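[1] Next input, structure requested:
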Amino acid sequence: MTNLSLQVSDIAHVIQLSVAPVFLVTGIGAMLSVLSFRLSRAVDRARVLEDYLPTLTDEQRIAGIHRELCILSLRTRLINWSITLCTASALLICLVIMVLFVGAVVGLNIATPIAALFILSMAALISSLLIFLKEIQLATANLRIGPHEA
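    Numbers count the residues shown, from 1 in each chain. Next comes the predicted model:
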């Protein structure tokens, strides 16, 4: 009976240790939602511009639309990289949680793998956020508000 109590106690401790990473995965999920929304908006805008392009005859407007399409293409690539890195970060955090449980069950010293996985996860998340920041800067640098010349 003591061995079973000790095992339940160990598992309860692992659950306590895994709570913070679970909250981190939740935050990353929210970030992925924002990124997905931005990606869909950029793709939708590009489709509208591509549909509008054949109706134009003015070379300046055509050049302006091509410029905007190039910017949208770059933005979607940046968002895609950010989504990829954010997802990798979430997967690494899930591995941290899994290794915590495997280590508790098997009785291994898992400090080094846990630290390595967490560091990799944070590196991926930081990279994702930096790329996201670059995409935001690109979007706002090319923002046009107000009346446009014909």
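[2] Mind listing what's buried along stretch 24-35?
    Of all the residues in stretch 24-35, those buried under the rule 16 or more other CB atoms under 10 Å are 24-25, 28, 31-32, 35. Placement of C-beta: from N, CA and C, glycine included.
[3] And for stretch 72-81?
    72, 75-76, 78-79, 81.
[4] For the residue positioned nearest the centre of the chain, which non-adjacent residue is closest in space?
    Residue closest to the average C-alpha location in the chain (CA atoms, centre = their mean): Cys86, at 3.0 Å. Excluding its sequence neighbours, the residue lying closest to Cys86 (CB to CB, 6 or more residues apart in numbering) is Ser128, at 4.3 Å.
[5] you'd agree that neighbour is up against Ser89?
    Yes. Between Ser128 and Ser89 there is a contact under CB atoms under 8 Å: 6.4 Å.
[6] what's the longest helix along the chain packed up against?
    Ranked by residue count and defined by DSSP state H, the top helix of the chain is helix 2-52. On a contact count with 3 or more CB pairs under 8 Å, 6 or more residues apart in numbering; DSSP states H and E, helix 2-52 meets helix 59-106, helix 111-141.
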